[in-house]
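>>> Return a 3D structure for these sequence lines:
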Amino acid sequence: MRRWATLVAAAALVGSVLPVGAAQAAQAPPSPVTKLRQQFAEHKGLRISDLGRVFKDGKAVVTIWRKGRVEFDASGVYATDTTGRTEAGRGAVKEFENLTGLNAGSTRVICFPNEAYLSGPGYETWLPEGKHWLGLIGPENIKQTETFPQIVNVFEPATLGTLLSHASVKRRLGSGTYLQGAVTLRTLYKVSPSFRDRLAGPPKGRSAKIPVGFRLWLDRSNLVRRLTTTWRQPAGKTPTTTVADTRYTAWGSDVTLTPPPPEDTADAGRVGGDFSPPATLPIG
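Reported below is the predicted structural model:
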């Protein structure tokens with residue numbers, strides 16, 4: 001009984017020394033944007049996993065899978081190493097693999113600020129015998145692959161802050177925080193450098209007003225752990241709807257990405273002068 005009374009008295013004393021507001025502030029995690037910036041350090045990063053689908057008339061006409069690692073430096077994303085595949089329809093490739101026992105293969109892309117390396121189906125015709133990687137030079141390469149198939153890049157502090165400010169629903173969960181809202185393509189274009197790099201120009205007219213609905217999950221420390229986005233793209237008489245679901249795990253893990261061996265890489269500038277650049281989104 002004496003020990004219990006002592007603990008109660010000590011707790012009351014602490015409560016009287018620290019104002020309630022100060023105690024709560026001491027326990028509150030940094031804001032999501034501040035928490036993101038705290039992750040920007042050399043050889044630190046995380047893992048990502050994407051699932052994207054394009055629907056037309058209620059049916060999936062394109063499905064995209066991607067997973068891999070992201071490496072940061074002091075300013076943000078420094079490099080990415082992802083493996084993914086794209087298929088027409090939904091499940092056709094997996095069904096083919098199950099029936100035939102063959103591996104249809106995936107595409108792997110390693111990007112740095114001024115160079116990118118690609119390997120997998122579709123690139124073999126560009127490669128000399130004995131080579132497995134196609135090397136591209138130019139900063140546009142990493143910009144084109146940072147967020148695909150996810151249209152929203154939460155590794156950009158301004159973009160993440162815009163999502164937070166446009167959240168119309170915010171709920172506390174046992175695992176963290178859930179937010180839901182929408183931003184227009186015009187707003188996304190203004191705040192997101194990587195989104196601007198994916199377009200041939202700013203969205204205009206009705207396209208500029210297209211809303212991108214989002215659902216965002218934060219963990220207890222305010223790091224992003226999941227983002228889903230949905231947006232409708234006019235396309236002739238039948239619009240398409242794109243849905244992307246991205247998971248973010250292993251924040252703060254050690255990540256050091258390296259290019260493939262030079263002896264296993266062919267320079268795209270030498271194997272062909274008409275190599276097509278990454279496609280831009282048909283908006284505007």
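
>>> what are the ranges of the helices in the chain?
Under the criterion DSSP state H, the chain contains helices at 2-17, 20-27, 32-38, 92-100, 140-145, 157-165, 185-191, 193-197, 205-208, 268-271.

>>> Can you flag the weakest of these by average pLDDT?
Averaged per stretch, pLDDT over the helices of the chain is lowest on helix 2-17, reaching a mean of 39.

>>> What residues are bridge-paired with residue 184?
In this entry, residue 184 is beta-bridged to residue 211, by DSSP bridges.

>>> so it makes contact with residue 208?
Yes: assessed by C-beta atoms under 8 Å, residue 184 is found in contact with residue 208 at 6.6 Å. To be clear about C-beta, it is placed using only N, CA and C from the backbone, and glycine gets the same treatment.

>>> contacting residues for residue 149?
Residue 149 makes contact with 50, 52, 64, 66, 242, 244 under the criterion C-beta atoms under 8 Å, 6 or more residues apart in numbering.

>>> who touches the nearest residue to it once chain neighbours are set aside in this structure?
Distances taken as C-beta to C-beta, 6 or more residues apart in numbering put residue 52 closest to residue 149, at 3.1 Å, once the chain neighbours are dropped. Applying C-beta under 8 Å, 6+ apart to residue 52 gives the contacts 62, 63, 64, 65, 66, 149, 150, 242, 243, 244, 245.

>>> Pick out whichever of those sits closest to residue 132.
For the contacts of residue 52, the minimum distance to residue 132 (C-beta to C-beta) is 19.6 Å, reached by residue 66.

>>> In the stretch 51-200 of the chain, mark out all the strands, start to finish.
Here the stretch 51-200 of the chain has its strands, by DSSP state E, counting those that start in this stretch, at 59-73, 76-88, 107-112, 115-119, 133-137, 167-173, 176-184.

>>> Relative to residue 37, which of those is closest?
Each of these has some distance to residue 37 by C-beta to C-beta; the shortest is strand 76-88, at 8.7 Å.

>>> buried ones in the closest one?
Within strand 76-88, the residues that qualify as buried are 76, 77, 78, 79, 80, 81, 82, 83, 84, 85, 86, 87, counting by 16 or more other C-beta atoms under 10 Å.

>>> What number of neighbouring residues does the closest residue to the fifth one other than its chain neighbours come out with?
The shortest distance from residue 80 to any residue that is not its chain neighbour, by C-beta to C-beta, 6+ apart, is 4.9 Å, and that residue is residue 111. Residue 111 sits with 26 neighbouring residues when counted by other C-beta atoms under 10 Å.

>>> Surely residue 111 and residue 79 touch.
Yes: contact criterion C-beta under 8 Å: residue 111 and residue 79 qualify, at 6.1 Å.

>>> so where is this protein shaky, pLDDT-wise?
The chain contains residues with pLDDT under 70 at 1-26, 89-105, 138-148, 235-236, 269-284.

>>> Which residues lie in contact with the nearest residue to residue 177 once chain neighbours are set aside in this structure?
Excluding the flanking residues, the one nearest residue 177 by C-beta to C-beta, 6+ apart is residue 218, at 4.4 Å. Residue 218 makes contact with 32, 176, 177, 178, 179, 224, 225 under the criterion C-beta under 8 Å, 6+ apart.

>>> how near is residue 183 to residue 166?
Between residue 183 and residue 166 the computed distance is 5 Å (C-beta to C-beta, to the nearest Å).

>>> For the two, indicate the residue with more neighbours.
With neighbours defined as other C-beta under 10 Å, residue 183 and residue 166 compare such that residue 183 has more, 24 against 17.

>>> Can you give me the distance of the more buried one to residue 223?
To residue 223, residue 183 is 20 Å away according to C-beta to C-beta.

>>> sorry, back to before: which residues does the residue nearest to residue 149 form a beta bridge with?
Judged by DSSP bridges, the bridge partners of residue 52 are residue 64, residue 244.

>>> ok, now residue 169?
On the basis of DSSP bridges, residue 169 is bridged to residue 180.
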